[in-house]
Each structure stands twice: as C-alpha cells, then as structure tokens.
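Novice: Sequence below, structure please.
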Amino acid sequence: MTNLAIPMLPGRLGTPDMQLRDDPRADPRMIAAMAALGLDVAGPPAPIDASAPLEQLRAFAAEAEVGFGAAFEALITSLPPVSGVMRYRNGSQSANGMYSPNMTRCILSYVPMIFPSGSTSAAELNA
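Specialist: So this is what the prediction gives:
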C-alpha cells in the first residue's frame with residue numbers, strides 16, 4: 001500500500017489564518033499599496049451573518065461599499081499622472097450625497113487607451 005500525501009492548498013484554503021502580507025504568491029508592490037490602507041491583513045469578522053434581517057444586511061453592505069470605495073479612491077488618486085492616459089470619474093451620487101464610483105470603470109480608466117488613426121482625445125473619437 002502506498003502512502004499518499006495530502007496536497008497543501010494555496011493561501012487561506014490551506015492556511016486559514018494566513019494574512020495577505022504573508023502569502024508568497026502576492027506581489028510585494030501590491031502588498032505595500034494595500035498595507036498603507038491596512039488591507040494587508042484580515043479585518044475583524046463582520047458584526048452580522050447571513051441570518052441577520054435583510055435590512056441589516058443591506059445596511060452593512062452599503063457601509064462596506066462606502067469604505068471600500070474610499071480605499072480604492074485613495075489608491076487611484078495617489079497615482080502620479082501618466083501621459084497619454086485619459087482619466088475620468090464614473091459613478092453615481094446617492095440621495096445622501098455620497099459618491100459611489102464604478103470601480104471597474106475607474107480602474108480601467110488608468111489603462112492606456114489606444115486611439116485609432118493617431119487621434120489623441122476622446123473628442124476626436126466621438127467626432
């Protein structure tokens with residue numbers, strides 16, 4: 001009979017108490033950026049669980065979204081300007097005056113845009 005070794009799963013699957021900063025797969029530059037916001041370690045457990053009433057779950061999700069939106073905004077605004085890259089804000093204003101960015105579009109706005117025919121602005125593209 002052969003002795004089969006149990007494979008070690010990566011990250012928190014194999015080491016549930018592992019912190020992101022200790023994960024050998026994580027890029028050190030990413031860890032440095034996240035550490036500045038305290039996101040290189042696991043946060044405290046959520047104060048509610050899935051058995052909470054729907055309104056509490058919604059309120060918690062809305063609060064978390066505002067917090068992460070602020071963190072992503074801080075990461076993005078701390079980047080130096082990059083020539084040839086168009087920047088814009090894309091999101092919505094809530095009834096209470098909070099701005100909720102569409103993070104997918106915000107992040108993609110930092111990807112250099114390729115303009116056809118040597119054009120250099122969105123106005124030329126829309127003409």
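
Novice: Gly14 - nearest residue in space that isn't next to it in sequence?
Specialist: Distances taken as CB to CB, 6 or more residues apart in numbering place Met8 nearest to Gly14, at 4.8 Å, with adjacent residues excluded. Placement of C-beta: from N, CA and C, glycine included.

Novice: Nearest residue to Pro10 in space, please, no chain neighbours.
Specialist: Counting by CB to CB, 6+ apart, the residue nearest Pro10 is Arg25, at 6.6 Å.

Novice: In terms of helices and strands, where is Glu63?
Specialist: Glu63 belongs to helix 54-77 when assigned by DSSP states H and E.

Novice: again, but for Ser92
Specialist: strand 91-93.

Novice: Can you report how many residues lie near Arg58?
Specialist: 11 (other CB atoms under 10 Å).

Novice: what about it, distance to Ala64?
Specialist: 11 Å (CB to CB, to the nearest Å).

Novice: roughly how far is the helix holding Glu63 from the heart of the chain?
Specialist: Its chain's C-alpha centre and that of helix 54-77 lie 11 Å apart, by CA atoms, centre = their mean, to the nearest Å.

Novice: what are the ranges of the helices in this protein?
Specialist: 11-14, 28-35, 54-77, 103-108, 122-126 (DSSP state H).

Novice: Mind putting the ones you listed into a markdown table with distance to Gly84 and mean pLDDT?
Specialist: A markdown table is the format used below for the helices of the chain (distance: least, CB to CB, whole Å; pLDDT from 0 to 100):
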| stretch | distance to Gly84 | mean pLDDT |
| --- | --- | --- |
| helix 11-14 | 36 | 88 |
| helix 28-35 | 22 | 89 |
| helix 54-77 | 17 | 86 |
| helix 103-108 | 15 | 46 |
| helix 122-126 | 13 | 45 |
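
Novice: Select, out of those, the one closest to Ser83.
Specialist: Of all those, it is helix 122-126 that lies closest to Ser83, at 15.6 Å by CB to CB.

Novice: follow-up on the earlier one: any chance of the helices of the chain in CSV, with distance to Met86 too?
Specialist: CSV is the format used below for these (distance: least, CB to CB, whole Å):
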stretch, distance to Met86
helix 11-14, 35
helix 28-35, 22
helix 54-77, 14
helix 103-108, 11
helix 122-126, 6
